[in-house]
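Here is my input; please provide its structure:
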Amino acid sequence: MATQKFYLALDLKDDANLIAEYKELHENVWPEIKKSIQDSGIEVLDIYCTGNRLFMIIEADADFTFEKKDQADAVNEKVQEWETLMWKFQQALPWAKPGQKWILMDKIFGL
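Residues are numbered from 1 along each chain as shown. As a prediction, this is how the structure comes out:
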């Protein structure tokens, strides 16, 4: 059972054809990518899109950390290939650090 939730944002390039292609690729995510996500302790990963803005929800087990996921991804050739391909469609948010894609969002309200 997931014990952690994370919410992240990222933009796509504002191009209808690229956005359509990005969505198409996510209908058939490579099996190696799905496995790397699951192996990291992520139990649920949903991505939503409005216009060119993406919103990701991650539910992960208690042992999950972004640092461990980043380390595993850095030595996984298929993940690196996927991430390179994704940069064709993605653009960093204006406040992102160099090379940073998905930005962790801060919760500012709850009910």
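
mind listing the strands for this protein?
With DSSP state E as the criterion, the chain has strands at 4-12, 42-50, 53-60, 90-91, 103-104.

Report the distance from the lengthiest helix in the chain to the chain centre.
Criterion DSSP state H: the longest helix present in the chain is helix 16-27. Centroid separation for helix 16-27 versus its chain: 15 Å, with C-alpha atoms, centre = their mean, to the nearest Å.

what's the model's confidence in that helix, averaged?
Helix 16-27 comes out with an average pLDDT of 98.

Now do it against strand 4-12, angle only.
150 degrees (axes from the mean of the first three to the mean of the last three C-alpha atoms, to 10 degrees).

Low-confidence bits of this structure, can you list those?
1-2 (pLDDT under 70).

could you redo the last one with a cut-off of 90?
Across the chain, the ranges flagged by pLDDT under 90 are 1-3, 99-100.

quick one: residue 8 and residue 58 touch, right?
Yes - contact criterion C-beta atoms under 8 Å: residue 8 and residue 58 qualify, at 7.2 Å. Where you see a C-beta, it was placed from the backbone N, CA and C, and this is true even at glycine.

Reformat the strands of the chain as CSV; add mean neighbour count and distance to residue 82.
Putting the strands of the chain into CSV (neighbours: other C-beta atoms under 10 Å; distance: least, C-beta to C-beta, whole Å) gives the following:
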stretch, mean neighbour count, distance to residue 82
strand 4-12, 16, 14
strand 42-50, 13, 14
strand 53-60, 18, 15
strand 90-91, 17, 12
strand 103-104, 14, 19
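
can you pull up the bridge partners for the nearest residue to residue 101 once chain neighbours are set aside?
Once flanking residues are discounted, residue 101 sits nearest to residue 10: 5.6 Å by C-beta to C-beta, 6 or more residues apart in numbering. Counting by DSSP bridges, residue 10 is bridged to residue 54.

need the contact list for residue 10.
53, 54, 56, 90, 92, 93, 101, 102, 103 (C-beta atoms under 8 Å, 6 or more residues apart in numbering).

do you know which of the strands of the chain lies nearest residue 21?
With C-beta to C-beta, the closest approach to residue 21 among the strands of the chain belongs to strand 4-12: 9.9 Å.

For that closest one, list the C-alpha coordinates in PDB.
Provided in PDB are the C-alpha atoms of strand 4-12 (Å, rounded to 0.1, in the frame of the first residue of the first chain):
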ATOM      1  CA  GLN A   4       3.800   8.600   0.100                       C
ATOM      2  CA  LYS A   5       2.200  10.900  -2.500                       C
ATOM      3  CA  PHE A   6       4.000  13.400  -4.800                       C
ATOM      4  CA  TYR A   7       2.700  15.900  -7.200                       C
ATOM      5  CA  LEU A   8       4.900  17.200 -10.100                       C
ATOM      6  CA  ALA A   9       4.500  19.600 -13.000                       C
ATOM      7  CA  LEU A  10       6.200  20.000 -16.400                       C
ATOM      8  CA  ASP A  11       5.400  21.700 -19.600                       C
ATOM      9  CA  LEU A  12       5.300  20.400 -23.200                       C
END
